[in-house]
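Q: Just to be clear, the model below is a prediction. Sequence and coordinates:
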Amino acid sequence: MLRYVLSRFLSLTLSLIAASLVIFLVIEVIPGDPAAFMLGLNATPETVAALRAELGLDGGLVERYLAWVGGMVTGDFGTSYTYRVPVSELILDRLWVSLPLAIYALTLSTLLAFPIGLIAAATRGTVTDYGIMGGTQLGIAVPNFWFAMLLVLIFAVNLRWFSAGGFPGWEEPGAAIKALTLPAIALALPQASILARVMRSAVLDTLAQDYIRTARAKGLSRRQAVLRHALKNALIPVLTIIGLQFSFLLAGAIIIENVFFLPGLGRLIFQGITQRDLIVVESVTMLLVFAVILVTFLVDIAYAAVDPRLRRR
Amino acid sequence: MRHLPYSLLIGGALSSIFLAAALISFLWVPHDVTDLVIANRLQPAGGEFLLGTDQFGRDLLSMLMVGARTSIAVALVAVGIGIGLGVPLGLAAAANRGSLLDEVIMRGNDLIFAFPSLVIAILITAVFGPSAVNAILAIGIFNIPVFARVARGGALSLWTLDYILAARTAGKGKVRISAEHILPNIANLLIVQATIQFSLGILAEAALSYVGLGAQPPTPSWGRMLAEAQTMIYTHPMLAILPGVTIVLMVLGLNLMGDGLRDVLDPRLRRART
């Protein structure tokens, strides 16, 4: 197991290096002179030169890349050109909105999908099953940001149960969670639909296995066989999808934040784009990609923990 | 002959409606979508404007028709990029299984998978500015590893078969075998995957143009219509509801069509699913 974890860790590190090279190339090499790009057409040569010095752009490419990566490893993401504060501070602030939102949505989607997928599998071929499968088809087709607008329309405008947007901060945990509830539901529904379908087919696959027949033959009821044997084995494909969904949820969170005016990473990155603050864009995209790669790594490890056969590869 | 699955018929019909609307919009729309006639703003549905008008006086039906054009074009070209680059890569990886080339292609795939299409779009937009072309590139790049994996997986199982061995003994090279014997036999898999990626592309295009990373004014797109409707949602909810329902129906149609196609094209799955 240790060897497996080490080999996965090596591949995690290589992926991070490759990803950082791609981002560095797009943001700092392709525009030519990032300082001139950030300042726009009306900048004087002196201000461009000053910004170049401030951003450390006068060094060679290799030197700049190493400084950027080295900075990130020690928590120094550079200074935002427009906000005039360290980017790490900006990110940390916004992360406290985006990350809880993604986790909230992931929890909701898992809590919804597990029982729904199980019920559909247990009632295969009945009206319940068809109803659930039809509902999930619809859930997959709904764009989450549009669903978010509908939720605002119903629960904020008409029923007035929730506010239509904004975030009170974590000083009031109850209010903060309430403010994240509609966004989390909007994010969770399409993901739950996908997950429920995977759950259903995974359980059905394991139900066809010999060991389930053995379990039934030794006297277990169908329900006992599902809960004791099928569920654990069905978890492997479900786990992959949950891992994959995390990156979709994080990306989705960035979009949903726009609907609810939440001060998260999404708002930060879009402001960064409009203000040409490349330092902010560079760091936030690296952080997002880092999150995706890290989750993939964790899912790989969780796999091996669930299924010892995978460790040998 | 067995009758076609209902999912294929319903899905095909739904998708055809939007495809037809997009094609018709090239020749004729009820009203010009670049006409901002403030006197016509926020007209109710019915009458001269079948679905009503928005806050700029533009006809919603015309906007939806031209928007279909944008969505379909973006998603279609993105699927084309995915197939055009992903399938040859996947075939090459399978033909040289276990080689350095295979390893490089698959690791490259993993790397692209770490970049959600939204992140690719953000990177491109930050440097080149927003446009529909960026949306196409972002979704297209995201599609490459998807098709590479499907092609490689399908091809790997074929390479072990006797008729491929026969072709090799006959002296055919890897490229020729891949093109003449492997590709036609994984075409079904690719068609089903193309339908799925097409519907994902429609959703992604809507999301990108909603946040302003896709099609720019005055080009109408479903996502931008939703973004523009956001401030009007309290007083004129229909402005937000119509484009949303359109997206849902289009994506639902494509997904149903994909399910139906899979049932028809892959007999093994048909048996397993019943």
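A: Noted; the coordinates are in hand.
Q: ok, stretch A:147-167 near chain B or not?
A: Yes: interface with chain B: stretch A:147-167 contributes A:149, A:150, A:152, A:153, A:157 (C-beta under 8 Å from any C-beta of the partner chain). C-beta here means a position set from N, CA and C on the backbone, and glycine is covered the same way.
Q: So the third one is in contact with residue A:161, correct?
A: Spelled out, it's residue A:152. No: contact between residue A:152 and residue A:161 fails when scored by C-beta atoms under 8 Å: they sit 11.1 Å apart.
Q: ok so, going back, need the buried ones from the residues of stretch A:147-167 next to chain B selected in PyMOL.
A: For anyone working in PyMOL, the buried entries among these, judged by 16 or more other C-beta atoms under 10 Å in any protein chain shown, can be selected with:
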select buried, chain A and resi 149+150+152+153
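Q: Can you tell me which of the residues of stretch A:147-167 next to chain B end up in helices?
A: Using DSSP state H to define helices, the subset of these located there is A:149, A:150.
Q: Pick out the lowest-pLDDT one from the residues of stretch A:147-167 next to chain B.
A: Least confident of the residues of stretch A:147-167 next to chain B in the model: residue A:157, at 81.
Q: is it fair to say residue A:125 lies in a strand?
A: No: the secondary structure assignment for residue A:125 gives coil rather than a strand, going by DSSP: H, G, I helix; E, B strand; the rest coil.
Q: From residue A:204, how far off is it?
A: 11 Å (C-beta to C-beta, to the nearest Å).
Q: If you count surrounding residues, which of those two has more?
A: Taking other C-beta atoms under 10 Å in any protein chain shown, residue A:125 and residue A:204 do not tie; residue A:204 has more neighbours (18 against 8).
Q: Quick check: that one touching residue A:122?
A: No: using C-beta under 8 Å, residue A:204 makes no contact with residue A:122, being 9.7 Å away.
Q: how about residue A:47, what does it touch?
A: residue A:39 (C-beta atoms under 8 Å, 6 or more residues apart in numbering or on different chains).
Q: meant to ask about residue B:59
A: Contacts of residue B:59 by C-beta under 8 Å, 6+ apart are B:29, B:30, B:31, B:33, B:49, B:50, B:51, B:53.
Q: what do you get for residue B:170?
A: For residue B:170, the contact set (C-beta under 8 Å, 6+ apart) is empty.
Q: now do 10 Å
A: Counting by C-beta atoms under 10 Å, 6 or more residues apart in numbering or on different chains, residue B:170 touches residue B:177.
Q: And the pLDDT for it?
A: Note on residue B:170: pLDDT of 89.
Q: Just say helix, strand or coil for residue B:34.
A: Assignment for residue B:34 (three-state DSSP): coil.
Q: Need phi/psi at it.
A: phi -90, psi 0 (degrees, to the nearest 10).
Q: number of nearby residues for it?
A: Residue B:34 has 12 nearby residues by other C-beta under 10 Å.
Q: now swap in residue A:6 and tell me
A: The number of residues packed near residue A:6 is 10, by other C-beta under 10 Å.
Q: again with residue B:6
A: Other residues within reach of residue B:6, judged by other C-beta under 10 Å, total 10.
Q: next one: residue A:65
A: Using other C-beta under 10 Å, residue A:65 is surrounded by 17 other residues.
Q: In contact with it, which residues?
A: Applying C-beta under 10 Å, 6+ apart, the residues contacting residue A:65 are A:20, A:21, A:24, A:25, A:28, A:29, A:59.
Q: any idea how far the last one lies from residue A:27?
A: Computed with C-beta to C-beta, the distance linking residue A:59 and residue A:27 is 16 Å.
Q: Neighbour count for these two, which is higher?
A: Here residue A:59 and residue A:27 are set side by side on neighbour count (other C-beta under 10 Å), and the busier one is residue A:27, at 22 against 11.
Q: wouldn't the more buried one be in contact with residue A:57 here?
A: No: if you go by C-beta atoms under 10 Å, residue A:27 and residue A:57 don't touch, sitting 11.8 Å apart.
Q: what kind of secondary structure is residue 192 in?
A: Using chain A here. Per three-state DSSP, residue A:192 ends up helix.
Q: low-scoring pLDDT stretches of the stretch 51-200 of chain B, where are they?
A: Scanning the stretch 51-200 of chain B for pLDDT under 70 picks out B:57.
Q: Can you tell me which residues in it are near chain A?
A: Proximity of the stretch 51-200 of chain B to chain A (C-beta under 10 Å from any C-beta of the partner chain) is limited to residues B:107-108, B:110-130, B:199-200.
Q: which ones among those are found in helices?
A: Those of these lying in helices (DSSP H): B:107-108, B:110-113, B:117-128, B:199-200.
Q: which of the residues you listed count as buried?
A: B:108, B:111-113, B:117-127, B:199-200.
Q: so how far is stretch A:294-313 off the chain centroid?
A: Here the centre of stretch A:294-313 is set off from its chain's centre by 19 Å, with C-alpha atoms, centre = their mean, to the nearest Å.
Q: tell me the mean pLDDT for that stretch?
A: 78.
Q: How about the contacts made by residue B:21?
A: The contact partners of residue B:21, by C-beta under 10 Å, 6+ apart, come to B:29, B:61, B:64, B:65, B:66, B:67, B:68, B:69, B:72, B:246, B:250.
Q: can you tell me how far it sits from chain A?
A: 18 Å (C-beta to the nearest C-beta, to the nearest Å).
Q: ok, now residue B:90?
A: Relative to chain A, and taking C-beta to the nearest C-beta, residue B:90 is found at 19 Å.
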